[in-house]
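*Asks:* Everything below, folded, please.
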Amino acid sequence: MSRSRSGGDWSMVILQIFTHSFGGMGMDCRHIQFCEQVEQVDLHQLQALFRMAAFWAKDRRLDDLAVAIANSAPVISVWDRQQLIGFARATSDGVYRATIWDVVIHPDYQGAGLGRKLVQTVLSHPKVNRVERVYLMTTHQQSFYTRIGFEENRSTTMVLHNQPISVTCTLREELEAAIGNY
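*Replies:* Sure thing, here's the model as predicted:
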C-alpha cells in the first residue's frame, strides 16, 4: 500500500478495510471493523487485550492508557462486533518523523492478515503518510514488520529511561555556585 495517499482517500481506505475478506487460516473477517474514533476505544478491553497478547504492556494502568491515547493520532482499534481484537496508535510531527506504538492483535485472530491491515491503516493515515521516516519498536516481530516494508535500523535508535530527578543539597549548592560565577 502506498503511503503517499492524500487526506481525501482516507475514508476510502477504511471502507475497503471494512468490506475486505481477509486471507489466512480460513477465517471469515468480513464483519471485522477498523475504527479511528478515539472515543470508541474501551480502555478496560484494551487493558485486557494488552494483558493477554502484549508482554510489554501487561502492567499498563487505565489512566496511563487514557493519557497515551489522548496524545496519539491516529488511534486505530479493530473490532469483532463488540469485542476489541486489535489496536495500534501513532505519534507524528506530520512532516519528518512518526512512530507507531502498541500494535497488538488478539491471539485468536492472529494469522488472518489483520495485523498487516492494522499497520497499513496507520501508515495510510494523513498524519503519517507524508512523513520522511516512520519508526516502531519491536522485540520479537522483526520478520513481520520486514514483510510490510520496515527495515532494521541499528544506527539511530537510542533510549533514555526517564528517572525522577533527585537533586541533593550538595549538587544544588554546586549548581547555584556555578551559576553565580557567571
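*Asks:* Please count neighbours and contacts with C-alpha atoms only from this point.
*Replies:* Fine.
*Asks:* Would you mind identifying the next helix or strand past the lowest-mean-pLDDT helix or strand in the chain?
*Replies:* Lowest mean confidence among the helices and strands of the chain (mean pLDDT, DSSP states H and E): helix 10-19, at a mean of 45. Under the assignment DSSP states H and E, the closest C-terminal helix or strand after helix 10-19 is strand 32-35.
*Asks:* what lines up beside that next one in the sheet?
*Replies:* Strand 32-35 sits in its sheet next to strand 75-80 (antiparallel), going by DSSP bridges.
*Asks:* who does the next helix or strand after the strand it pairs with touch, helix- and strand-wise?
*Replies:* Heading C-terminal from strand 75-80, the first helix or strand you meet, by DSSP H and E, is strand 83-92. On a contact count with 3 or more CA pairs under 8 Å, 6 or more residues apart in numbering; DSSP states H and E, strand 83-92 meets helix 43-53, strand 75-80, strand 97-105, helix 114-124.
*Asks:* how about these in a markdown table, adding mean pLDDT, mean neighbour count and distance to residue 146?
*Replies:* Below are the helices and strands packed on strand 83-92 laid out as a markdown table (pLDDT from 0 to 100; neighbours: other CA atoms under 10 Å; distance: least, CA to CA, whole Å):
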| stretch | mean pLDDT | mean neighbour count | distance to residue 146 |
| --- | --- | --- | --- |
| helix 43-53 | 97 | 17 | 21 |
| strand 75-80 | 96 | 22 | 21 |
| strand 97-105 | 96 | 20 | 14 |
| helix 114-124 | 95 | 21 | 11 |
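*Asks:* Nearest approach to residue 157 belongs to which of those?
*Replies:* Closest to residue 157 of the helices and strands packed on strand 83-92, according to CA to CA: strand 97-105, at 11.9 Å.
*Asks:* Let me know the angle separating the closest one from strand 75-80.
*Replies:* Using axes from the mean of the first three to the mean of the last three CA atoms, to 10 degrees, the inter-axis angle of strand 97-105 relative to strand 75-80 is 20 degrees.
*Asks:* Could you list the alpha-carbon positions for strand 97-105 in PDB?
*Replies:* Provided in PDB are the C-alpha atoms of strand 97-105 (Å, rounded to 0.1, in the frame of the first residue of the first chain):
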ATOM      1  CA  ARG A  97       9.000  11.600  11.800                       C
ATOM      2  CA  ALA A  98       6.300   9.300  13.100                       C
ATOM      3  CA  THR A  99       6.400   6.400  15.500                       C
ATOM      4  CA  ILE A 100       3.900   3.500  15.600                       C
ATOM      5  CA  TRP A 101       3.100   2.200  19.100                       C
ATOM      6  CA  ASP A 102       1.300  -0.700  20.700                       C
ATOM      7  CA  VAL A 103       0.500  -2.800  17.700                       C
ATOM      8  CA  VAL A 104      -1.500  -5.800  19.100                       C
ATOM      9  CA  ILE A 105      -3.900  -8.400  17.700                       C
END
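*Asks:* Understood, closing this out.
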